[in-house]
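Asker: My questions concern the predicted model and sequence given below.
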Amino acid sequence: MADRAWPARAARRKRRDDCGRRRLAAGGAGGMTAAVAAHGPSAFWYATRGAGATTTVLLTASVVMGIGEERGWRPGGSPRYAIAALHRTISMLALAMLAVHIVTTILDPFPRIGVLAAFVPYATDYRPLWMGLGAVAADLLVAVTITSLVRRRLGYQVWRGVHWAAYACWPVAILHGLGTGSDTKSTWMLALTIGSVGAVVLAVLARVARAGTPSPARVGAASAATLCVIGLAAWLPQGPLAHGWSRRAGTPASVLAAFNPPAAASARRTASTTASDPFDHTFTAGFAGPLREGTSSDGTAVVDLRLRLDGRPDGILRIRLGGTALPGGGLSMDRSAVTLGPPQRPTEYQGKVQFLQDTVLRAEVGSADGRALRLSVNLSVDDGSVSGTLAGRPIA
């Protein structure tokens, strides 16, 4: 009986290959059937991307509004209180979208980020520097919001000192998005980032160009803005836009192998490694094993299949499904784990279920050195035991 939760580790070449929730229902005579799978990218993945981009736009607008308000900007002769109210509204919207971004990032099952890493810098092994910058930006924005709510008690000088953190929050958030975002290379995301940087730079230059600004301040601000733009333009082609950025950014090797098993890794494998891997070619094998059902320590309903392959290749296939128990038996699946390997290394390949319909299951699994397999499993369940066939082929 599976007595604990397991890490739901994916083995797919691109994150958008993630599947949705699937419903596993109890079948007759102790068997089980699965309803039609609703598969496609994770809703949380879409939500965290959209919320992150929206937060960037709103935070940029807030910074520009703050600079404009300080400069005395009054479009169309609008009263000062109206500009201040608009500034506050945009800032609160940015905070709300930041909350959505954080929550959906935590809920997204792969890769697991965790609540602590959302607020404590470098508390995750997934791109720790760039995720840490995101935590710093979130902390700064929360601090600015809280002090704004108690501004009268703090006094103007204290509030203004803390409020300057908003200007530090913006560039940190921009770097976080560039270093961590899955859409950094997308045209729309590049245009959004360039537009945000351009808007803030123009606002700063307009602010220091105002009459009465000391010349050293003008020169310093203009020089700093120019150097930042040049530095960003020089860094992007060598950083987030360059090939291999995921690895250099600190993405764990297991995640890299799951998302994008490189063909070069297969080419680098030695002859001895190839000879010791019974799954390095297209294969078909029968299997049999027990079906175990139970509940994990966190209340998740669990189905655990430990299957021994019959013949060649020899190996062990393990399929674990978890979710919410359904009335009358079965479960609504929201996590899975699949492992495959020879008897001496049964977890050499790791991944998750991508498709489940009736008695047919498909998964992709990957090894730590970049090898990956696409698996097709046909199940036959009878009175607590499972048999069937497994077909697999390497992913180029």
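Answerer: Happy to help now that I have it. Numbers count the residues shown, from 1 in each chain.
Asker: Skipping adjacent residues, who's closest to residue 348 in space?
Answerer: Once flanking residues are discounted, residue 348 sits nearest to residue 341: 3.4 Å by Cβ to Cβ, 6 or more residues apart in numbering. Every C-beta, even on glycine, is put in place using the N, C-alpha and C of the backbone.
Asker: thought that neighbour was touching residue 318?
Answerer: No - between residue 341 and residue 318 there is no contact under Cβ atoms under 8 Å: 9.2 Å.
Asker: Need the residues touching each of the two.
Answerer: Both residue 341 and residue 318 are contacted by residue 347, under the criterion Cβ atoms under 8 Å, 6 or more residues apart in numbering.
Asker: Comparing the two, which residue is more hemmed in?
Answerer: Per other Cβ atoms under 10 Å, whichever of residue 341 and residue 318 has more neighbours is residue 341, with 21 against 18.
Asker: And the more buried one, how far from residue 349?
Answerer: The gap separating residue 341 from residue 349 is 6 Å, by Cβ to Cβ, to the nearest Å.
Asker: hey, what's in contact with both of the two?
Answerer: Taking Cβ under 8 Å, 6+ apart as the criterion, residue 341 and residue 349 both touch residue 279.
Asker: how about whichever strand or helix holds residue 148: buried residues?
Answerer: Per DSSP states H and E, residue 148 falls inside helix 128-149. Residues of helix 128-149 classed as buried by neighbour count (16 or more other Cβ atoms under 10 Å): 130-142, 144-145, 147-148.
Asker: other SSEs contacting the helix or strand following it?
Answerer: Later in the chain than helix 128-149, the nearest helix or strand by DSSP H and E is helix 151-154. Helices and strands touching helix 151-154, by 3 or more Cβ pairs under 8 Å, 6 or more residues apart in numbering; DSSP states H and E: there are none.
Asker: Buried residues in helix 151-154, which are they?
Answerer: residue 154.
Asker: what does the following helix or strand past that helix rub up against?
Answerer: Downstream of helix 151-154, the next assigned helix or strand under DSSP H and E is helix 156-163. Outside helix 156-163, the residues that touch it by Cβ under 8 Å, 6+ apart are 143, 144, 147, 148, 151, 154.
Asker: where's helix 156-163 relative to the chain centroid, distance-wise?
Answerer: The chain centroid and the centroid of helix 156-163 are separated by 35 Å under Cα atoms, centre = their mean, to the nearest Å.
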